[in-house]
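Novice: Structure for this input, please:
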Amino acid sequence: MSGPVSSRRCAQSLRLVLALLVVMLLLAVPNASATKRILLVGDSWAQWPWKMGAFQSVLNSNFGTNTVEVEGTYTALGGSTAAGWASNFVPDEGTFPSPPGYTNLPALDRITYSLNQYPSIDIIHLSISGNDMWSWRVGWTTDQENALFDTIQQNVQTVVSWIHTNHPKVKVLLADYDFLNITENCTYGMAEYNDTAALFSAALGFTLGDVFQNKANNQVLNTFFTHFSPRKIAVAQATPRCSYIQNWGNVQWRVGYTDSLGQLFLPQTVPFPGGAPNFTPLPGGDISYGTPPTYMNPINSSHPKQCDTIHLSPDGYKLMMDNCLVQYYAGWLTDTTPPTVQSITRIQPALTAAAQVQFLVTFSEKVRRVDVADFALTGEGATGASILAVTGDEDSTTRTGTVDISGAMDGPLGLNFVDDDSVFDVNWNAVGGEGAGNGDYSAGEQYIVDRSGPIGTIVINNNQSVTNNRNVTLSMTWYDGAGSGAARMRFSNDGATWSGWEPLAATKAYTLPAGEGYKTVRVQFLDKANNRSATFSDFIRVDTIPPTGTILINSNQPSTRSRNVTLSLAWSDGAGSGVTRMRFSIDGATWTAWEPMAATRPYTLPATPGYYTVRVTYRDAGGNISPRYSDYIKLVP
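Specialist: Sure, this is the predicted structure:
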């Protein structure tokens, strides 16, 4: 709990804030006509300020007379309970008449009527639960209290949820009470004493005594009431466009404590009631005292110091409205600028093979109620990915989205903000303004998920099977799909020793290892995320040794009378690539075209008689050409 020094600093700060807000409000609506903006709903802590004009008085002093108005004609129902509101009870027509044209209009329907009658109303000041607690008696166990609280909380939640469901654009302030007082007004002999208060205290099971006894009683009663406040906070936190305000100790902090015996402590010497989001301390003030008798409502004009046990005076309710104004209503009444998403950026490097990545989401102002459902993944990398969490302080400008990509496909991965009117600034303005979709954001940075290496091909010498030259040309192709893109390649003759990584090229001159036989060249590709491909290969046969052979004309006869002879051919390539072609020449200068192999071949000699030599060369699959082989024969007339 904060002491006098921190309380004074808090007081100075709040006074400055209030002064600035007053100036802001007056500038915001300098010539505005009367506009109803706040609907008072609930029990006597809504009815009495309405009838007294206390809340309106505070608004008048800040906005100008009746510029911003409260309304509570049909909805400020003294004595009403959360249970009654939750069941949509019908108020007594004699005490709380229905609007013109209606009879026995139920309580919740009165809210709808008032909002329809005054479309400018966008705030509900809700005060309920106090009257539900009067079944409590001194000596109750914690279990008894919690059972009662469970029921009341459920009913309060029902009412708040009904408002949100039926009037989703309306903001709700769930206003708590200030301290009750059964001290001075139950102490016989003090100026504040009255029988009504004493009988009330006794009915709850308290034993009345001197001022110290009654002060102790007062602490027990207020402790019971304040124990329910966390339940109201839970309701507010569970419901969009609903906030909670703590008023316990508000009057004490603002004016100190004075009774008929004199001033017991000065203003700002007790803790200020804690505000959102933690509401610490709860309660504020000094719970052993009640609200000062001078700010409880007088009940006897002949004895003005005799005061109520429950209700504040008009000045007390004004101080309560001051608290609501400073913490909530000043912003709610003037701030119409919706928040927007300014950016969604990567936190880790763009290329990733990690199991998780994170995005930083930045809003134009502090926002609340941001969760996983407000985002969607986009891009090929979204397949198999999921948003694990969205973290960050409530009412702050940034959130961090954590995405599980352990099972994601390769490709771009982005995070989009999806506006469904569920994210708000601190004044409950929806992102992008009213209406789903107008606050969408899809221009954020993306990751490239890349866990798979590229694929590719390699071909030697345009897919020839044999070469007689160790210097060959490699042709490569590659593909990285939706990944980061291939960037490097390397080569190996044996799959063990590799060249250095080098830039990609569609072709590359390459020297095969020395020696005859089959040679395999292997390639690997590397993408920008350092994912290595499998090994791709092609092979070629190296054959540098020419074939050998023979030729015979007419089975080696020495002469012939016919120009048409038969060549007998034989060849060998040993362990080479195999003889595939042969060609012939009669003069060693002019040759026939290369032709398929045949063991015999008809051949026509020149017409003039004489000796003729027929020459042959053989070529293997590697392009190696044999020496010339020849035979001769005499053509006789």
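Novice: what bridges to I245?
Specialist: Going by DSSP bridges, I245 is paired in beta bridges with A175.
Novice: List the residues that contact it.
Specialist: I245 makes contact with 173-176, 275, 323-324, 327-328, according to Cβ atoms under 8 Å, 6 or more residues apart in numbering. Yep, even glycine has a C-beta here, placed from its N, CA and C like the rest.
Novice: Looking at those, which is nearest A197?
Specialist: D176 (21.9 Å; Cβ to Cβ).
Novice: Check the gap between the closest one and A76 for me.
Specialist: 17 Å (Cβ to Cβ, to the nearest Å).
Novice: again with Y118
Specialist: Distance, Y118 to A76, by Cβ to Cβ: 14 Å.
Novice: How about Y193?
Specialist: 30 Å.
Novice: okay, Y118 and A76: which has more neighbours?
Specialist: The residue with more neighbours, out of Y118 and A76, is A76; 26 against 15, by other Cβ atoms under 10 Å.
Novice: pretty sure that one contacts I38?
Specialist: No - the pair A76 / I38 is not scored as a contact, 11.1 Å apart, by Cβ atoms under 8 Å.
Novice: can you map out the helices along the stretch 101-250 of the chain?
Specialist: 107-117, 142-166, 195-203, 211-227, 229-238, 250-255 (DSSP state H, counting those that start in this stretch).
Novice: out of those helices, deepest packed?
Specialist: Greatest average neighbour count among the helices of the stretch 101-250 of the chain goes to helix 250-255 (a mean of 25), per mean count of other Cβ atoms under 10 Å.
Novice: Keeping just the C-alphas, turn that one into PDB.
Specialist: Only the C-alpha atoms of helix 250-255 are listed here, as PDB (Å, rounded to 0.1, in the frame of the first residue of the first chain):
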ATOM      1  CA  ASN A 250     -12.600   7.400  -3.200                       C
ATOM      2  CA  VAL A 251     -14.200  10.000  -0.900                       C
ATOM      3  CA  GLN A 252     -11.700   9.400   1.900                       C
ATOM      4  CA  TRP A 253      -8.800  10.000  -0.500                       C
ATOM      5  CA  ARG A 254     -10.300  13.200  -1.900                       C
ATOM      6  CA  VAL A 255     -11.600  14.900   1.300                       C
END
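Novice: Could you list every helix and strand that the next helix or strand after it packs against?
Specialist: Beyond helix 250-255 on the C-terminal side, the first helix or strand identified by DSSP states H and E is strand 257-259. Judged by 3 or more Cβ pairs under 8 Å, 6 or more residues apart in numbering; DSSP states H and E, the packing partners of strand 257-259 are strand 262-265.
Novice: Can you pull out the low-pLDDT segments for the stretch 101-250 of the chain?
Specialist: Along the stretch 101-250 of the chain, the model assigns pLDDT under 70 to no residue.
Novice: so where is the stretch 451-600 of the chain shaky, pLDDT-wise?
Specialist: For the stretch 451-600 of the chain (pLDDT under 70), the answer is none.
Novice: nearest spatial neighbour of D395, skipping sequence neighbours?
Specialist: Nearest non-adjacent residue to D395, counting by Cβ to Cβ, 6 or more residues apart in numbering: K366, 4.7 Å away.
Novice: From T226, how far off is G495?
Specialist: According to Cβ to Cβ, G495 stands 78 Å off from T226.
Novice: make that D143, sorry
Specialist: Counting by Cβ to Cβ, the separation of D143 from T226 is 18 Å.
Novice: Tell me who's in contact with N181.
Specialist: Neighbours of N181 in contact, by Cβ under 8 Å, 6+ apart: 218, 290-293, 296, 307, 309.
Novice: Ok, P546 next?
Specialist: 618, 620, 624-627.
Novice: hmm, back to that, turn the contacts of N181 into TSV, including secondary structure and distance to W48.
Specialist: Converted to TSV, the contacts of N181 look like this (DSSP: H, G, I helix; E, B strand; the rest coil; distance: Cβ to Cβ, whole Å):
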residue	secondary structure	distance to W48
N218	helix	21
G290	coil	17
T291	coil	14
P292	coil	17
P293	helix	17
M296	strand	12
C307	strand	14
T309	strand	14
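Novice: Quick check: of these, which lies closest to K634?
Specialist: T291 (145.5 Å).
Novice: Pull the contacting residues for the closest one.
Specialist: Here T291 is in contact with 178-181, 251-252, 312, 316 (Cβ under 8 Å, 6+ apart).
Novice: if we can go back for a sec, buried among the contacts of P546? Need that as a selection in PyMOL.
Specialist: Per 16 or more other Cβ atoms under 10 Å, the buried members of those correspond to this PyMOL selection:
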select buried, resi 618+620+624+626
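Novice: ok, D573 touching D620?
Specialist: Yes - in terms of Cβ under 8 Å, D573 counts as a neighbour of D620; the distance is 4.9 Å.
Novice: Now do the shared contacts for the two.
Specialist: Going by Cβ under 8 Å, 6+ apart, residues that sit against D573 and also against D620 are 543, 547, 579.
Novice: Nearest to A607 among the residues you listed?
Specialist: V579 (31.9 Å).
Novice: which ones are touching the spatially closest residue to N217 that is not a sequence neighbour?
Specialist: Leaving out its chain neighbours, the residue that sits closest to N217 by Cβ to Cβ, 6+ apart is F206, at 4.3 Å. Contacts for F206 (Cβ under 8 Å, 6+ apart) come out as 138, 182, 186, 214, 217, 220-221.
Novice: Swap in 10 Å and give it another go.
Specialist: Going by Cβ atoms under 10 Å, 6 or more residues apart in numbering, F206 touches 137-138, 182, 186, 198, 200, 213-214, 216-218, 220-221.
Novice: T291 versus that one, what's the distance?
Specialist: 18 Å.
Novice: same check, this time on P99
Specialist: Distance from P99 to T291, by Cβ to Cβ: 34 Å.
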